[in-house]
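J.: Below is the sequence, then the predicted model.
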Amino acid sequence: MMNFKQIKARYDDCLKQKYALGAFNFSTSDAAKAILLGARNVQAPFLLTTSPGEMNHLSPEIARGIADGLDKMRKGVILHLDHGKTYEDIVTAVKAGYDSLHCDGSALPHDENIKLTKKAANLAHKRNLWIEGEIGHIGGSSTLHKDETTEKIEMVMTDPDEAKDFVEKTGVNSLAVNIGNVHGIWKGGKHIDLQRLADIHAKVKVPLVLHGGSDITAEQIAKAITLGIAKINVNTELRIAYTSAVRTALKDENEFVPTKYLPAAQQAVQAVVEEKLKMFGAAGKF
Ligand code: 13P
C-alpha cells in the first residue's frame, strides 16, 4: 500500500534518475506473484495494475487482497486501476482501496474527457490517491493480432497544446499519451513518434506514461525515458507468456493438477517482468 506522497516520490525519482516504473497487469494471483518476484529479483519498483475487466474478474476486493499479500513479501506495492473508462470504474477502485487510478476518457469528445477526468481527479485528491489522465486515444487491445496492421486501428495522436490544456484543467498527476504506442502486438509493428513525445514533453510538466509497452524496442524505450516517460505499461507480453506456458503444459491430457502446470506460467511471467524492468532502467532502483 502506498500513499500519494510515496507514489509521487517514486515518479520524482524516475524523472531525476531517468528510468521508468514498470506497470504490469494481472488477472490471476499467480501472475501477480510472478510480477512481485520478478521485481524483487531485480530490485525494481513497479505498479501492479488491473483494467476494469481484470478487476471485476477477480473482484476489486480480491485484487486489493492479492496486493496486500504481496506487500507483505516486499513493502511498497502500488495497486493501480488501468483504463478506468467511467466514473463508476473509478469509484469501484477507490472503494476497494486502490492506491492509484487511471481515468481514461480518451474515447470521449475533448470537453467530456476533461469533465470526467476532473471529476475523477477531485475524488482522487480528496482521498489522497494518485491519478493519471489520458489524451489522444491509444486504441488496440492487449493481445496478439495476427492479420492486421496498426494502420487499421482507431487511434488519435496526442496534440502537445491540447495535452498542456488538459493537464491544467483536470489537475491530473501524470498523463498517458499516444505517440503510436497502440495496445497489443501487431503484424506491422508499432510506429513510435518520438518527435511528438519531445514536443509534448516541452509543454507538459507532469510525468508522462507510455501504454502499449509490449513490442517496443529497447532503443525506443531508452529514448522515450529521456523525453519524460516515467511509467510504462505492459500486458500483452505477460498474457502471451502465461497462456503459452499453460497451453504447453496442458498438451499432456493426463495433467489435471494446477500446482503442476501453473509454475511454468509463473516463471514465464516473471522472466518477462525482469527483462522489462531491466529495459526500463528500473533494476536496482528499489
Ligand atoms: P500492451 O498490451 O501493448 O503491453 O499494453 C498494455 C497497456 O498499455 C495496459 O494499459
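T.: Looks like it arrived, so ask away.

J.: and the closest residue to residue 284 other than its chain neighbours, what does it touch?
T.: Nearest non-adjacent residue to residue 284, counting by CB to CB, 6 or more residues apart in numbering: residue 43, 5.3 Å away. Any C-beta I mention is one placed from the backbone N, CA and C, and that applies to glycine too. By CB atoms under 8 Å, 6 or more residues apart in numbering, the residues touching residue 43 are 283, 284, 285, 286.

J.: From the residues you listed, list the buried ones, please.
T.: By neighbour count, with 16 or more other CB atoms under 10 Å, the contacts of residue 43 hold 283, 285, 286 as buried.

J.: Let me know the closest of those to the ligand.
T.: Ranked by distance to the ligand (CB to the nearest ligand atom), these are led by residue 283 at 18.9 Å.

J.: Surely residue 215 is within a helix?
T.: No: under DSSP: H, G, I helix; E, B strand; the rest coil, residue 215 falls outside any helix and is assigned coil.

J.: Could you give the number of residues near it?
T.: Using other CB atoms under 10 Å, the number of residues around residue 215 comes to 16.

J.: so it touches residue 191, yeah?
T.: No: applying CB atoms under 8 Å as the test, residue 215 and residue 191 come out as separate, 11.6 Å apart.

J.: Return the residues in contact with the closest residue to residue 91 other than its chain neighbours.
T.: Take residue 91 and drop its neighbours on the chain: the residue closest to it by CB to CB, 6+ apart is residue 123, 7.3 Å away. Residues in contact with residue 123 (CB under 8 Å, 6+ apart) are 90, 91, 94.

J.: tell me the mean pLDDT over the strand or helix carrying residue 123?
T.: Here residue 123, judged by DSSP states H and E, is contained in helix 110-126. The predicted model gives helix 110-126 an average pLDDT of 98.

J.: If you count neighbours, what's buried in it?
T.: For helix 110-126, the neighbour count (16+ other CB under 10 Å) marks 113, 114, 115, 116, 117, 118, 120, 121, 123, 124 as buried.
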